[in-house]
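[1] show me the folded form of this:
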Amino acid sequence: MCLGRLYRVFSTNFDFLADTSKARRHGFQEHIETETMFREVFADYRRRKVIP
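    Next comes the predicted model:
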């Protein structure tokens, strides 16, 4: 197999799609919205003086 082709398949140039329906069917109901999670992470980083 050509390594260039393999690289193209596993490179980050492709969009990532995730289906969480199977996890939810098996009891993983809790989730956090992406924007909320990032706001909390960055607020924590600022509080700890990791970022300004």
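[2] CA only for contacts and neighbour counts going forward, please
    Fine.
[3] shaky segments in the protein?
    Filtered on pLDDT under 70, the chain yields the residue ranges 1-17.
[4] and if we set it to 90?
    1-25, 27-34 (pLDDT under 90).
[5] how about the helices in this structure?
    3-10, 21-25, 34-47 (DSSP state H).
[6] how about those helices in JSON lines, adding mean neighbour count?
    Formatted as JSON lines, the helices of the chain follow (neighbours: other C-alpha atoms under 10 Å):
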{"stretch": "helix 3-10", "mean neighbour count": "10"}
{"stretch": "helix 21-25", "mean neighbour count": "10"}
{"stretch": "helix 34-47", "mean neighbour count": "12"}
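[7] could you measure from Val41 over to Glu30?
    The gap separating Val41 from Glu30 is 18 Å, by C-alpha to C-alpha, to the nearest Å.
[8] now Met37
    Taken as C-alpha to C-alpha, the span from Met37 to Glu30 is 13 Å.
[9] over to Arg48?
    Noted for Arg48: a distance of 27 Å to Glu30, by C-alpha to C-alpha.
[10] which one of those two is surrounded by more residues?
    Comparing Arg48 with Glu30 by other C-alpha atoms under 10 Å, the one with more neighbours is Arg48, at 10 against 6.
[11] next one: phi and psi at that one?
    Here is the backbone geometry of Arg48 (degrees, to the nearest 10): phi -90, psi 0.
[12] ok, now His31?
    phi -150, psi 160.
[13] number of nearby residues for it?
    A count of nearby residues for His31, using other C-alpha under 10 Å, gives 8.
[14] contacting residues for it?
    His31 sits next to no residue when contact means C-alpha atoms under 8 Å, 6 or more residues apart in numbering.
[15] try it again at 10 Å.
    His31 makes contact with Arg24, Met37, according to C-alpha atoms under 10 Å, 6 or more residues apart in numbering.
[16] repeat that for Gly27.
    By C-alpha under 10 Å, 6+ apart, the contact list for Gly27 is empty.
[17] any idea how far it is from Ser21?
    According to C-alpha to C-alpha, Gly27 stands 10 Å off from Ser21.
[18] great, nothing more from me.
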